[in-house]
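**Q** Sharing a model that was predicted from the sequence below.
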Amino acid sequence: MKEVLIYHNNRCSKSRQALQVLQEKEITLNVINYMQDLITVKELNEVLTKLNIKPDALLRKSEGDYKEHVKGRGLSDQELVKLMVEYPKLIERPIVIAGEQAVIARPVELIEALFKTTDQ
């Protein structure tokens, strides 16, 4: 299996759970704390491609930043990506990537599906 990445926020319990599940596996794991090591527009677009979703589906709509900067504004996909880069709290987490496959690990059990598809 290729290296596994997790876009992780240590302040998020689901993200901590996902990290623990991944650490228990015999894999090479790269932890990206995207709240400190900020994600770029290019990286976020690559993540969206692997997730096979539009930027709107990656937004945390309960965040204050969403209500302040996004809600009701009719923004384009690239405007949403730029806002997620500027305000990383907007990004749903945790995101786990193995090769060209990715999941938003909510619930954390989705990680197992990712490993089944990448092991074949």
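**A** Sure, I can see it.

**Q** where in this protein is pLDDT low?
**A** Along the chain, segments meeting pLDDT under 70 span 1-2, 117-120.

**Q** Can you tell me which residue is spatially central in it?
**A** residue 95 (3.0 Å; Cα atoms, centre = their mean).

**Q** what bridges to the nearest residue to it once chain neighbours are set aside?
**A** Nearest non-adjacent residue to residue 95, counting by Cβ to Cβ, 6 or more residues apart in numbering: residue 7, 4.1 Å away. In this view, the C-beta of every residue, glycine as well, is placed from N, C-alpha and C. Beta-bridge partners for residue 7, by DSSP bridges, are residue 32, residue 95.

**Q** isn't residue 7 right up against residue 92?
**A** No: with contact defined as Cβ atoms under 8 Å, residue 7 does not reach residue 92; the gap is 9.6 Å.

**Q** which one of the two has more residues nearby?
**A** Neighbour count, other Cβ atoms under 10 Å: between residue 7 and residue 92, residue 7 has more, with 28 against 20.

**Q** Distance of that one relative to residue 71?
**A** 23 Å (Cβ to Cβ, to the nearest Å).

**Q** same check, this time on residue 44
**A** Here residue 44 is placed at a distance of 20 Å from residue 71 (Cβ to Cβ).

**Q** So which of these two has more stuff around it?
**A** residue 44 (22 against 11).

**Q** SS state for the more buried one?
**A** Under DSSP: H, G, I helix; E, B strand; the rest coil, residue 44 falls in the helix class.
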